[in-house]
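Enquirer: For reference, the sequence and a predicted model appear below.
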There are 2 protein chains.
Amino acid sequence: MRPFFKVKRAQDIFESLGDVKPLGSECVPIRDALNRILAVDIISGEDLPGFERSAVDGYALAAKDAFGASEDQPTPFTIVAEVKMGEMPNFGLTRGECAPISTGGMLPKGADAVVMIEYSRMVEERVVEITRPVSTLENVILPDDDVKAGQVVLHQGTRLRPQDLGILAALGISQVEVCNKPRAAIISSGEEIVDISQRPTAGQIRDINSYTLGGLCTAFGVEAIYLGIAGDRFEDLKRLIEKGESQADVVLVSGGSSVGTRDFTLDALLSLQGVEIVAHGVSISPGKPTIIARRGNKTLWGLPGHPVSAMVIFDVFLRWLFGKLCGLSKPAEYTDHVIEAELDRNVESASGREDYIRVKLTHSEGRRLATPILGKSGLISTMVEADGIIRIDMNTEGLYGGDKVKVRLF
Amino acid sequence: MRPFFKVKRAQDIFESLGDVKPLGSECVPIRDALNRILAVDIISGEDLPGFERSAVDGYALAAKDAFGASEDQPTPFTIVAEVKMGEMPNFGLTRGECAPISTGGMLPKGADAVVMIEYSRMVEERVVEITRPVSTLENVILPDDDVKAGQVVLHQGTRLRPQDLGILAALGISQVEVCNKPRAAIISSGEEIVDISQRPTAGQIRDINSYTLGGLCTAFGVEAIYLGIAGDRFEDLKRLIEKGESQADVVLVSGGSSVGTRDFTLDALLSLQGVEIVAHGVSISPGKPTIIARRGNKTLWGLPGHPVSAMVIFDVFLRWLFGKLCGLSKPAEYTDHVIEAELDRNVESASGREDYIRVKLTHSEGRRLATPILGKSGLISTMVEADGIIRIDMNTEGLYGGDKVKVRLF
């Protein structure tokens, strides 16, 4: 029986893997680019909207001509022509003239403001009374109000949101350079594991980790390559790991990474030429029996067989790693789905390791409460019941009921 | 020029559309089911794991036999056989006997606990000393600890997460019944709008809303059907709306819904037989010039042309509607991406309408600050700059710097 070696803290692992290089990039249509990560800065080649545009429905005019207008003493204006949408007006305004304009219409020459239709009344066919003064440039969008030529509108490393696609569209960028999707090869190992299409006999269970890990990959924008079950035979496992390494950037083997005599993952990894074992054991609970190995820019992970432990390790390390591989500028994207809650009972924690505790969220009298779920990490049902996890720091011995905690939703 | 009619509050609109029927369902492989919404309750047909299982690496034995064991006075046990993974042990234990067992192995008859390997030492080839007592069932997962036969493991209306796929896999459910993806037909209207492949001339702008709305649909799990630009000609628009209605559950027309003379959306909608206008104008800012119409279970939306307004209306109403159509059990899924922050300046708000304010988040001295972005709703750049939005209630006249606000991230 092999002892653990190189049990490492999370921080040391981030440092050991900190130099992984981002993957290459590809060009995709913006319709397909949601949630992809920008591989370049996007610099505008033009001003937007590019012309003086009305922000409201109303009358374009010169602001000084409406000076002093009021309900009681409205200022009459002569309508010279109507602004047509999508066209440059082929007329200009002189003193006392105005032009009806719709939202988004281009201001005619001689106009520097738009009075909202609510502050006007028609008195004759070509005459309108304005009942309120207007400031210069009021209700006008200037040619570079939205975007200035030369401006960086989106930064490399941004995960593209709907509005980001919108600004690309506004600039006429129909294809965008995004980081290649990382690929993760997923292997389950363990002689007790059977495919979900099989009926397990006593002593066997169905493969859970391929689906939880595959789902986590998909959710992050990683392509999951399902390689099936290795059955804890050394040669099987080695062959699948090599296959995974040839097809993917990251190989995830779950099961077979504790110190049991039947755990071949470490042996299979050590048999690969030039492999470096970054960690055998991590100071995280659940998740301690994790092996991290590396060959060049590819990383090979022996994840715990317990479904909860494997998910926690994915959450702590693999989200971070995939962020690095994609050049994500906020790899601590972590914060995006973190909410505050109040712990509703005490939780103990061993010093010297990070503890991740599943919690269920409830509301009571306006407060959001987090209830710890303390089942064994082999029970997937505890993860189904949970709404998120909280982290207890390495140097903290526990938390008290009433403590504010940050819950990462998943 | 037509006046607004039926300006409605959000709550009235939710009530008017509250009886939309959920869509039908389809069966998909669980690998493709992430984020889909369950159309049925999932009831387990079996106990999981289905047998007594070790949660650790160690020795299976009868707890009573190790009573009083300690470092100084260890209890010797005879190893009778090793538990093989994935098999039912073909032996049993009698008094003073134990069997090496790996995590996930099945307990042999006569064993009711597992001592962790850390609390043992080999003294002879077939003799191990146990150095600590163990409770009955310690480190043992009972046959129904994870799931009980007959238990509802996942409820109809759940949006499937990675761990939910895991529990389906655990139960051998490889295909799952999920709600059909809602389909949204997306139309941009306005004579000033050109396709993003075209170079706009003065007075024209490129189509932004097709991409922002398409992205919002995709993010929610709605199939976006892009029907292009209607150009504000009544017949064009009517034809595209009818096409959208024949292909989709929801038709989204952006632009052309304010009171400008050139706004054909209302006319086009009114020309459809049996249509009901649910609202013309909503008491939401930005987003007031919204038309909501309905024929049977299909809804037809005239969204504002301003990109920010259209996104706000989508966020308030269409996420809710798509949740209804999918039978989502938490249509106020809203809460999932809401975080608390502290407003860093005063914000005014008109009474009698709900105001949605874009905010940028920053951190300062451990506090999360939300800075309002007050640009015009025609500027897509303001939405790109923002991290989320806050809502100011209809009966609130504004918020003060220092107020705690809930920020919905997007």
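Expert: Right, received. Where do you want to start?
Enquirer: mind listing the helices for chain A?
Expert: Per DSSP state H, chain A carries helices over the ranges A:10-16, A:162-170, A:209-220, A:234-247, A:265-270, A:307-313, A:319-325, A:380-385.
Enquirer: Only C-alpha atoms, please: export the last one in CSV.
Expert: Output of helix A:380-385 as CSV, limited to C-alpha atoms (Å, rounded to 0.1, in the frame of the first residue of the first chain):
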residue,chain,number,x,y,z
ILE,A,380,-25.0,12.1,-4.7
SER,A,381,-28.4,12.8,-3.1
THR,A,382,-26.8,15.3,-0.7
MET,A,383,-25.6,17.3,-3.7
VAL,A,384,-29.0,17.2,-5.3
GLU,A,385,-30.5,18.5,-2.1
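Enquirer: Check the burial of A:V251 by counting its neighbours.
Expert: 28 (other CB atoms under 10 Å in any protein chain shown). In this view, the C-beta of every residue, glycine as well, is placed from N, C-alpha and C.
Enquirer: any idea which residue sits dead centre in chain A?
Expert: A:R159 (5.7 Å; CA atoms, centre = their mean).
Enquirer: Just list whatever residues bridge to that one.
Expert: A:I37 (DSSP bridges).
Enquirer: and the gap between it and A:R36?
Expert: Distance, A:R159 to A:R36, using CB to CB, to the nearest Å: 7 Å.
Enquirer: so A:V20 makes contact with A:L325?
Expert: Yes - using CB atoms under 8 Å, A:V20 is in contact with A:L325, at 6.3 Å.
Enquirer: Who has more neighbours out of those two?
Expert: Using other CB under 10 Å, the more surrounded residue of A:V20 and A:L325 is A:L325, with 26 against 17.
Enquirer: ok, the residue nearest to the more buried one when sequence neighbours are not counted - contacts?
Expert: Excluding the flanking residues, the one nearest A:L325 by CB to CB, 6 or more residues apart in numbering or on different chains is A:P182, at 4.7 Å. Neighbour list for A:P182: A:23, A:221-223, A:249-250, A:322, A:325-326 [criterion: CB atoms under 8 Å, 6 or more residues apart in numbering or on different chains].
Enquirer: which ones among these are found in strands?
Expert: A:223, A:250 (DSSP state E).
Enquirer: Selection in ChimeraX covering whichever of the contacts of A:P182 are buried, please.
Expert: Listed next is the ChimeraX selection for buried residues among the contacts of A:P182, using 16 or more other CB atoms under 10 Å in any protein chain shown:
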select /A:23,221,222,223,249,250,322,325,326
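Enquirer: Pipe the contacts of A:P182 into JSON lines and attach pLDDT and distance to A:V312 per row.
Expert: Shown next, in JSON lines, are those (pLDDT from 0 to 100; distance: CB to CB, whole Å):
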{"residue": "A:L23", "pLDDT": "97", "distance to A:V312": "25"}
{"residue": "A:G221", "pLDDT": "95", "distance to A:V312": "20"}
{"residue": "A:V222", "pLDDT": "97", "distance to A:V312": "17"}
{"residue": "A:E223", "pLDDT": "98", "distance to A:V312": "22"}
{"residue": "A:D249", "pLDDT": "98", "distance to A:V312": "21"}
{"residue": "A:V250", "pLDDT": "98", "distance to A:V312": "17"}
{"residue": "A:F322", "pLDDT": "96", "distance to A:V312": "16"}
{"residue": "A:L325", "pLDDT": "96", "distance to A:V312": "20"}
{"residue": "A:C326", "pLDDT": "94", "distance to A:V312": "21"}
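Enquirer: didn't A:G231 look like it was pressed against A:I193?
Expert: Yes - between A:G231 and A:I193 a contact is recorded at 7.5 Å, counting by CB under 8 Å.
Enquirer: what residue ranges in the stretch 251-400 of chain A are flagged as low confidence?
Expert: Scanning the stretch 251-400 of chain A with the threshold set as pLDDT under 70 gives A:256-263, A:331-336.
Enquirer: Could you rerun that using 80?
Expert: Along the stretch 251-400 of chain A, segments meeting pLDDT under 80 span A:256-263, A:330-337.
Enquirer: before we move on, back to that, quick one, grab the pLDDT at the residue nearest to the centre of chain A.
Expert: Note for A:R159: predicted pLDDT of 94.
Enquirer: where's whatever residue of the stretch 201-350 of chain A ends up closest to chain B relative to B:R206, distance?
Expert: Nearest residue of the stretch 201-350 of chain A to chain B: A:G215, at 3.0 Å (CB to the nearest CB). Relative to B:R206, A:G215 is positioned 37 Å away (CB to CB).
Enquirer: longest strand of chain A?
Expert: strand A:354-364.
Enquirer: That one - which strands sit beside it in the sheet, and in what orientation?
Expert: Strand pairing (DSSP bridges) places strand A:354-364 next to strand A:284-285 (parallel), strand A:367-373 (antiparallel), strand A:388-392 (antiparallel).
Enquirer: Dig out what the residue lying farthest from the centre of chain A forms beta bridges with.
Expert: No residue in chain A sits farther from the centre than A:E124, which is 56.9 Å out by CA atoms, centre = their mean. Applying DSSP bridges to A:E124 gives these bridge partners: A:V127.
Enquirer: Hmm, the residue of the stretch 201-350 of chain A closest to chain B is touching B:L165, no?
Expert: Yes - look at A:G215 against B:L165 with CB under 8 Å: they come within range, at 4.7 Å.
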